[in-house]
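[1] Fold the following and give me the result.
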Amino acid sequence: IHIVADIQKLSAYGLSLTQVRDALVNENVEIPGGAVEQGKGQLLLRTLGRVDVTQDFNNIVVATKNGTPIRVSDIGYAEDTFQRPTTAAWIGDTPAVVLDIRRAMGENTVAVIEGVRAKLQILQGALPKSVTLTVIRDDSRFIYASVQSLEEHLIFGSLFAAIVVMFFIRNIRAVIIASLAIPASIISSFTLMRVMGFTLNNMTLLGVTLAVGIVIDDAIVVLENIFRYIEEKNCTPFEAAIQGTREVALAVMATTLSLVVIFLPVAFMTGYARRFISPFGLTMAFSILVSMLVSFTLTPMLSSRFLKLSDAEADHKTKERGFFHWLDTTYTRQVNWALDHAWVVIAMSVVTALLTLPLNRMVGREFVPNEDMGEWTIHVDTPEGSSLAGTTEVAFQLLKELNGIEGVAQIIPSVGVVGGGFGGSTHIHFLCMALPLDERKNTQAQMIGEMRRRLASHPGYRPVIAARTALGGGEGSGGFAISVSLLGPDLDQIADYSMRALAEFQKMPSIIEPRNSLSVSNPEIHVIVDRKRAADLGVRMSTVGNTLRLAVAGDDEISNFREGAERYPVKVRVLENQRRDIEEIGRLTVPSASGPVRIDNIAKIERGLGPSTLERSNRQYAVRINSDVARGHALDEASADVRKMLGSLNLPSGMSFRLRGQTQILDETTTNLIMAFGLAMIFVYMVLASQFESFIQPIVIMLVLPIAVPFALFTLWVTGRTLNLWSALGMLLLMGIVKKNSILQVDYANTLRATGMPLREAIVEACRTRLRPILMTTFAIIAGLIPTALGLGIGGTGRSAIAVTVIGGQSLCLFLTLLLVPVAYVKFDALEQTTLNQGWRNLLGKVKTPRRMTPAADSRQS
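    Numbering: from 1, shown residues only. Down below sits the predicted model:
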């Protein structure tokens, strides 16, 4: 309800706008008066003074002059209307009201969206036919598409891993036995996921998908050893299942536990990235633990019942000739050569490890890579002082220019909306939706590039394009790659330095679309009150300010009007044409000790400029400069350039800067991941030391880790990828996988030495014997990751970073690590037998010699 007053009539009657407000507040009331006791009962007392009909507001008496009441109708009128619009949106050419529905924390996104859609169907039936409800943005489509893609990767990854087993063992029964470990481990891990309260989402499904090639590893090692007992030692399947499983039990347990403990510190990381990493790490750990249990139970049981001696004998012949025989003899010669030229292998390993430093600088860093999500937003600002109508006209002009780009399904403009909230009338927000991936040829990057080219002819509108990422994207600081906050106590000083910084931002090749949050060019009308004259007349500054607020903006709610169960606010303002006239505003009167006084008699009214918004942080003024990273540059490179530039500004005392946005998240995540990596390595050493009952042999096993890192970095560099959250997870996964080979070699060498075999002969035989399971597990992991590495589907770019990191690091370092481990085993054996090492073992109560070794073996070593 608007009470609209005429300034000229108010002046004629000698009234002020505050008197109108006070009259409405005092005359539209309902006041309880307590209770009136009558005998044994009581009656409640109420004063009923509320206005029941809108037109009755016109009869409210504002004041009485010379015995004559002056009513609202004498100085204006009351109207039942709607609130002045401050935002606008359209679907096509049709005006629309946009509702942004968000799920509560902890609720399932898909369940919430399905519930909302069900409610919308009910609501549509209750609305007029001219009003339609349309869902323009639905996050569940990303989830469904991503889950479907991951399910396909899971199926094809399992199939490829099974093909690898078939290639090496060439026995369909063995392939089926090994492949059954995949569904047994994956399905069983769902129970543990349910206990932890995890949902089947992108991260848990990703963990399950990546685990495909790993969970089959334990079954492959056990199955291959059982098969070897049958083919080489002529054992029955039942005896081979018992003896073969027992022989590799420690190796399988060591590889599994040392891989699981890697995910423990990662799963309990703090910070923003925890939401991604924790469910991923625990799901991987669940699947791997279950796979160990399967390899110790299901695999030997099936082997004892379904493997046949005749099958093993046929396969044994393939090892005596052809490709596998050539591979066996060639690798044996290479191991002997490596032992004879140990320092050459050591030198090659050291040089390879040192390559980590230059490769680390060559590979860029960012929090998450850009995904083709098919959704992005464009943010445009018209000149300060533009009205809603003027900004709307610009919005349709730009919309006309942006239409017609191939692959873009819909562009939805809205005015006055900022990042899901309300902004000023100068802001335009375009929500751009692309066609599904399989229905378009252009990538998201190509469509955004074309839009940037078309918007380049309007630099005055300061266009910014924010693509949707794992962070959501948008206009909050978390949606921008680079967000700098300048802090200081002096607004003029901080505004000056923010403009200098913005000018430097625009010169930087690694930065694109820099934008300053502070604008001091907003047109204003300044009312400068003469304090002396106002004091002489008894007029307070607050009275002037409140009168002007009533006239132009209208109070939020001075009273209320009830109609049935509904309640409507009552506001006071002056005529529309008078609100736009500075001279008319100056004719407003305010009460004083000597009667009404016009504002322009005690104040000077003039045009000026001022800030459109003011931000504060830590009790200081704050100005944000947001920007994105230019194509071809990484986030860490752009952040380093920004830090260097800000340092060159020589900020005065009292001023400071903070890097926020994705840069802040990247720094936080990097610190947490480094700590997690360090703890993971400590845990791995502890597990291996306890399993091998040695302080030295875990070092031999873990020497392959620094060899794998440069190959993983090299893979990222060659493929043009960055070191981000996903590739860091791939690096972590690689650390757990790559040492599996050395565990198999060292464990079997110890077993052979325990039988009295000399040191060199034992390690050579161990390398030769374990070559087939090593190659099988390596290529099974690679094959299982191939579908994920292709990066197909929504979210595929991030997932592929993990797979590519593991595939590149594991495959490229394989040959060198197969030679380094036997060399290190021999070289470190002397240290193993030192008095100092034995003293430590005795101190900890482990008085035995290294596991399964005998004095006879030691004497043969000499």
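
[2] Now do the strands in the stretch 551-700 of the chain.
    Ranges of strands within the stretch 551-700 of the chain are 559-563, 566-574, 589-590, 597-598, 603-610, 615-617, 620-629, 656-660, based on DSSP state E, counting those that start in this stretch.

[3] mind checking which of those is nearest residue 389?
    Nearest to residue 389 among these is strand 566-574; the distance by CB to CB comes to 18.7 Å. Glycine gets a C-beta too; all of them are placed from N, C-alpha and C.

[4] Strand partners (parallel or antiparallel) of that closest one?
    Using DSSP bridges, the strands paired with strand 566-574 in its sheet are strand 2-5 (parallel), strand 559-563 (antiparallel).

[5] Could you pull out the helices in the stretch 651-800 of the chain for me?
    Assigned by DSSP state H, counting those that start in this stretch, the helices in the stretch 651-800 of the chain fall at 661-692, 697-702, 705-718, 725-754, 759-769, 771-789, 796-812.

[6] picking that back up, which of the strands paired with strand 566-574 is buried the deepest?
    strand 2-5 (a mean of 24; mean count of other CB atoms under 10 Å).

[7] Output it as CSV, restricted to C-alpha atoms.
    Extracted in CSV, the C-alpha atoms of strand 2-5 (Å, rounded to 0.1, in the frame of the first residue of the first chain):
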residue,chain,number,x,y,z
HIS,A,2,1.5,3.3,-1.1
ILE,A,3,0.6,6.6,0.5
VAL,A,4,1.6,9.1,-2.2
ALA,A,5,2.0,12.7,-1.1
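
[8] ok, then the element right after it?
    helix 7-13 (DSSP states H and E).

[9] tell me how far the ends of stretch 618-635 are from each other?
    27 Å (CA to CA, to the nearest Å).

[10] Now that stretch: buried residues?
    620-629, 633-635 (16 or more other CB atoms under 10 Å).

[11] Kindly report the same for stretch 25-43.
    27, 28.

[12] before we move on, what about stretch 493-503?
    Across stretch 493-503, burial judged by 16+ other CB under 10 Å covers 493, 494, 495, 497, 498, 501, 502.

[13] Would you mind splitting this structure into its domains for me?
    2-81+533-605, 143-320, 324-354+693-862, 375-522+614-666 (automatic domain parsing).

[14] out of those, nearest to residue 106?
    Checked against CB to CB, the stretch from the domains of the chain lying closest is domain 143-320, at 9.5 Å.

[15] any idea of the mean pLDDT in that closest one?
    Summarised as a single mean, pLDDT over domain 143-320 is 81.

[16] And for stretch 635-651?
    In the prediction, stretch 635-651 has an average pLDDT of 89.

[17] what residues does it touch?
    Stretch 635-651 is contacted from outside by 364-367, 481-482, 484, 486, 488, 497, 500-501, 504-505, 508, 510-511, 627, 629-630, 657, 659, 662-663, 666, 722, using CB atoms under 8 Å, 6 or more residues apart in numbering.

[18] Stretch 129-148 too?
    So stretch 129-148 is contacted by 91, 96, 98, 109-110, 113-114, 117, 120, 123-124, 127, 200-202, 205, 373, 375, 410, 412, 431, 433, 436, 793-795 (CB under 8 Å, 6+ apart).

[19] Kindly format the C-alpha coordinates of that stretch as CSV.
    Provided in CSV are the C-alpha atoms of stretch 129-148 (Å, rounded to 0.1, in the frame of the first residue of the first chain):
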residue,chain,number,x,y,z
LYS,A,129,-3.0,-21.4,-18.3
SER,A,130,-1.1,-18.3,-19.2
VAL,A,131,1.5,-19.0,-16.5
THR,A,132,3.9,-21.8,-17.1
LEU,A,133,6.6,-23.4,-14.9
THR,A,134,9.8,-24.2,-16.7
VAL,A,135,13.0,-25.7,-15.3
ILE,A,136,15.9,-23.8,-16.9
ARG,A,137,18.7,-25.2,-14.8
ASP,A,138,18.9,-28.7,-13.4
ASP,A,139,22.1,-29.9,-11.7
SER,A,140,20.9,-33.5,-11.7
ARG,A,141,21.5,-33.7,-15.5
PHE,A,142,25.3,-33.3,-14.8
ILE,A,143,25.1,-36.0,-12.1
TYR,A,144,23.2,-38.4,-14.2
ALA,A,145,25.5,-37.9,-17.2
SER,A,146,28.6,-38.2,-15.1
VAL,A,147,27.4,-41.3,-13.3
GLN,A,148,26.4,-42.9,-16.6
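
[20] So what's the gap between that stretch and the chain middle?
    Taking CA atoms, centre = their mean, to the nearest Å, one finds the center of stretch 129-148 at 21 Å from the center of the full chain.

[21] List only buried entries from the contacts of stretch 635-651.
    Buried among these by 16+ other CB under 10 Å: 364-367, 481-482, 484, 486, 488, 497, 501, 504-505, 508, 510-511, 627, 629, 657, 659, 662-663, 666, 722.

[22] Just the ones of those residues in strands?
    482, 484, 486, 488, 511, 627, 629, 657, 659 (DSSP state E).

[23] Closest one of those to residue 27?
    Taking these together and measuring to residue 27 by CB to CB, the closest member is residue 488, at 49.7 Å.

[24] where does the stretch 701-850 of the chain have low pLDDT?
    Across the stretch 701-850 of the chain, residues meeting the criterion (pLDDT under 70) sit at 832-850.

[25] so how far is residue 271 from the nearest residue to residue 670 once chain neighbours are set aside?
    Once flanking residues are discounted, residue 670 sits nearest to residue 365: 7.3 Å by CB to CB, 6 or more residues apart in numbering. Distance of residue 365 to residue 271, computed by CB to CB, to the nearest Å: 16 Å.

[26] again, but for residue 597
    In terms of CB to CB, residue 597 sits 60 Å off from residue 271.

[27] try residue 2
    Taking CB to CB, one finds residue 2 at 50 Å from residue 271.

[28] now swap in residue 342 and tell me
    44 Å.

[29] State the distance from residue 678 to residue 265.
    Residue 678 is 8 Å from residue 265, by CB to CB.

[30] How about residue 558?
    60 Å.

[31] Looking at the two, which one has more neighbours?
    Applying other CB atoms under 10 Å to residue 558 and residue 265 shows that residue 265 carries more neighbours, namely 21 against 18.

[32] Quick check: which element contains that one?
    Using DSSP H and E, residue 265 sits within helix 237-267.

[33] ok, now residue 428?
    With DSSP H and E as the test, residue 428 turns up in strand 427-434.
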